[in-house]
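[1] Fold the following.
(one chain, ligands or ions: 1)
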Amino acid sequence: MADHQNRGSAVHREARKDYRWEGVDRLAYKEEGSAPFKDITRQVLITDAHLACEMRYFEMGPGGYSTLERHEHVHGVMIFRGRGHCLVGDEVRAVSERDLVTIPPWTWHQFRATGDEPFGFLCMVNSERDRPQLPSPEELEALRQNPRIAAFLDGRIRELD
Ligand code: MN
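    As a prediction, this is how the structure comes out:
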């Protein structure tokens with residue numbers, strides 16, 4: 001019954017040019033210096049107190065990458081623009097427009113742009129979420145034992161195609 005009292009309000013945001021949306025700010029990916037990343041921005045497309053998830057749009061320039069991290073919360077990703085590679089657990093895959101990727105809990109993940117164009121993806125995430133963990137030097141070394149992951153982390157990504 002109480003559900004009828006507090007509906008919130010509908011939101012309609014028109015798409016704008018250049019992968020922007022009406023009334024949506026283009027934000028820093030994360031606080032500068034808080035974690036390694038390169039040339040990546042964040043837009044929060046959908047957030048609603050009645051919804052247990054949010055949808056964001058991340059975009060990186062050529063050679064850009066997101067933070068290598070893991071956490072309990074989950075991501076559901078759709079590649080929206082361009083081409084890249086993603087590391088999920090111990091797998092590195094090439095991804096392009098409209099591919100889908102899920103990141104399970106506590107799984108190392110990173111996205112890297114390849115090609116000469118921007119690389120963008122939609123990312124669905126829990127509204128309430130834990131703080132990401134970064135790899136320790138030992139954990140990074142363990143990941144690097146896999147030559148494909150080492151090549152990915154070093155940006156030698158074109159060799160992987
Ligand atoms: Mn993450």
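
[2] Other residues contacting stretch 85-97?
    68, 77, 79-84, 101, 103-104, 107-112, 114, 143, 146, 148-149, 151-153, 157, 160-161 (CB atoms under 8 Å, 6 or more residues apart in numbering). Placement of C-beta: from N, CA and C, glycine included.

[3] Looking at these, which are in helices?
    Residues of those located in helices (DSSP state H): 143, 148, 149, 151, 152, 153.

[4] Throw those into a markdown table and include pLDDT and distance to residue 7, thanks.
    Below are the ones in helices among the contacts of stretch 85-97 laid out as a markdown table (pLDDT from 0 to 100; distance: CB to CB, whole Å):
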| residue | pLDDT | distance to residue 7 |
| --- | --- | --- |
| 143 | 97 | 46 |
| 148 | 94 | 49 |
| 149 | 96 | 47 |
| 151 | 94 | 51 |
| 152 | 95 | 45 |
| 153 | 95 | 47 |
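
[5] Residue 59: which of those residues is nearest?
    Nearest to residue 59, judged by CB to CB, of the ones in helices among the contacts of stretch 85-97 is residue 152 at 19.6 Å.

[6] and residue 54, what are its bridge partners?
    Note on residue 54: beta-bridge partners by DSSP bridges are residue 125.

[7] which residues touch it?
    With CB under 8 Å, 6+ apart, residue 54 has these contacts: 44, 46, 47, 124, 125, 126, 127.

[8] Am I right that the fourth one is in contact with residue 73?
    No. No contact is recorded between residue 124 and residue 73 when judged using CB atoms under 8 Å, the distance being 10.6 Å.

[9] could you flag which of the ones in helices among the contacts of stretch 85-97 are buried?
    Buried by 16 or more other CB atoms under 10 Å: 143, 149, 151, 152, 153, out of these.
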